[in-house]
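**Q** predicted model and sequence below, questions to follow.
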Amino acid sequence: MALLLSSEKSLFIQSSELLKDYLAISKFKVVAMLVLTAWVGLALAPDVGRGVFVQLASLLGIGLLSAAAAVINHVVDSEIDSKMARTRHRPVAKGRLSKQHALSFAATIGILGFVMLMVWANTLTAILTLFALVGYAFIYTSFLKRATPQNIVIGGLAGAMPPLLGWVSETGHMAAAPWLLVMIIFTWTPPHFWALAIARKSDYERAKIPMLPVTHGIEFCKTCVVGYSILLALVCVLPYLIGMSGLIYLLGASVLNAIFIYKALKLKIAPKDDTAMDLFRFSIVHLMLLFIALFIDKWLVL
Ligand code: HEM
Ligand SMILES: CC(C)=CCC/C(C)=C/CC/C(C)=C/COP(=O)(O)OP(=O)(O)O
């Protein structure tokens, strides 16, 4: 009896470890944030009377294709990941999950996500989301990441797409307004990532990845972080200027961007040991609150 109980317990532990590994290769927290931005894109689109179920299915489709892209990234990057302290314990890099298993998982959730978008959103959303997957999993991961220090600037477009995807899933066609939300994430990505790359420069050196702090030095990278933070604050005003969002959003964005610029300047002028990681962590809170502010503004004011 005791033997049976302990084998059941170990089976339970094994399956929860396996679940953890699959969530890790799906970059679960990043995907949750991508889905949040897609949801806000969807919520800000003109109401065309689609039901909540169809909207949730569209968001799930976008999430599944994003997760598939993340899994492919883990497979393509497994060699690099095994050389970096931050990533060397990842399931594929460590060999806990085989590349074949990971790729079958990516294919399953990717096809499921694509079909969900075809059925419950529309063809344009399905194709645009597939472009974003190819942009991140293949163009950025297999090529740009190893080729140029502008890798994350160009590759950042893929991760910036979800608000447009959410919008198009509602309306079936493109519009100028959601592109402003894409521009916000596009401008946010460099300071988000470079703050981390500054703190983890030695990792990228060891893996021979030409990230900006490695190729151009930490000081130049910090200057770029300050520059992009200021640009981000300016881009964030655009939704207010075109009347897409109101004063609640403008106030929230202004406070968040003031903190962002303050932390970026601190990193440039008076850094302490943890300043770069502090900015990286704040960038995530910043983007989350900014998109929540867009949502609250829409539903409180209109
Ligand atoms: C090319 C674009 C991007 C690059 C290179 C990048 C890079 C990174 C890296 C290296 C991490 C650390 C992961 C770790 O600790 O293992 C990270 C974390 C994170 N990123 Fe990005 N990122 C990008 C775009 C985005 C986008 C578009 C979003 C969401 C809209 C996002 C949301 C997050 C979140 C939520 C985390 C924290 C994840 C966690 O705590 O597990 N990132 N990013
Ligand atoms: C369909 C769609 C919207 C796709 C976008 C998918 C996606 C997961 C975008 C997030 C970007 C990201 C986390 C980049 C880090 O990659 P990295 O390889 O530089 O970082 P790492 O070293 O932590 O793996």
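**A** Ah, there it is. Numbers count the residues shown, from 1 in each chain. Ligands and ions are numbered 1, 2, ... in the order given.

**Q** switch to C-alpha atoms for all contacts and neighbour counts from now on
**A** Fine.

**Q** where along the stretch 101-250 of the chain do the helices fall?
**A** Secondary structure of the stretch 101-250 of the chain (DSSP state H, counting those that start in this stretch): helices at 123-134, 145-147, 151-160, 162-171, 176-199, 201-206, 212-216, 218-241, 247-269.

**Q** low-confidence stretches in the stretch 201-302 of the chain?
**A** Within the stretch 201-302 of the chain, the ranges that satisfy pLDDT under 70 run 301-302.

**Q** show me which residues of it sit near ligand 1.
**A** Within the stretch 201-302 of the chain, the positions near ligand 1 by C-alpha under 6 Å from any ligand atom are residue 284.

**Q** end-to-end on stretch 210-226?
**A** End-to-end distance for stretch 210-226: 20 Å, by C-alpha to C-alpha, to the nearest Å.

**Q** got it, and stretch 150-168?
**A** 28 Å.

**Q** and it, what's buried?
**A** Residues of stretch 150-168 classed as buried by neighbour count (16 or more other C-alpha atoms under 10 Å): 151-168.

**Q** of these, which are in range of ligand 1?
**A** Within the set of these, contact with ligand 1 (C-alpha under 6 Å from any ligand atom) is found for 152, 155, 156, 159, 160.

**Q** and which of those is nearest residue 275?
**A** residue 152 (21.0 Å; C-alpha to C-alpha).

**Q** was I right about that closest one contacting residue 191?
**A** No. Judged on C-alpha atoms under 8 Å, residue 152 makes no contact with residue 191 at a distance of 10.2 Å.

**Q** stretch 76-92 close to ligand 2?
**A** No. On the criterion C-alpha under 6 Å from any ligand atom, stretch 76-92 is out of touch with ligand 2, staying 6.7 Å away.

**Q** distance from that stretch to the middle of the chain?
**A** Relative to the centre of its chain, stretch 76-92 is centred 19 Å away, using C-alpha atoms, centre = their mean, to the nearest Å.

**Q** give me the contact list for it.
**A** Under the criterion C-alpha atoms under 8 Å, 6 or more residues apart in numbering, residues 21, 24-25, 74-75, 93-94, 97-99, 102, 141-142, 203-204, 206-207 lie in contact with stretch 76-92.

**Q** equivalent analysis for stretch 235-243, please.
**A** Contacts for stretch 235-243 (C-alpha under 8 Å, 6+ apart): 177, 180, 181, 183, 184, 187, 245, 246, 247, 249, 250, 253.

**Q** quick check: buried residues in that stretch?
**A** 235, 236, 237, 238, 239, 240.

**Q** residues of whichever strand or helix holds residue 59 that come out buried?
**A** Using DSSP states H and E, residue 59 maps to helix 52-76. By 16+ other C-alpha under 10 Å, the buried positions in helix 52-76 come out as 54-55, 57-76.
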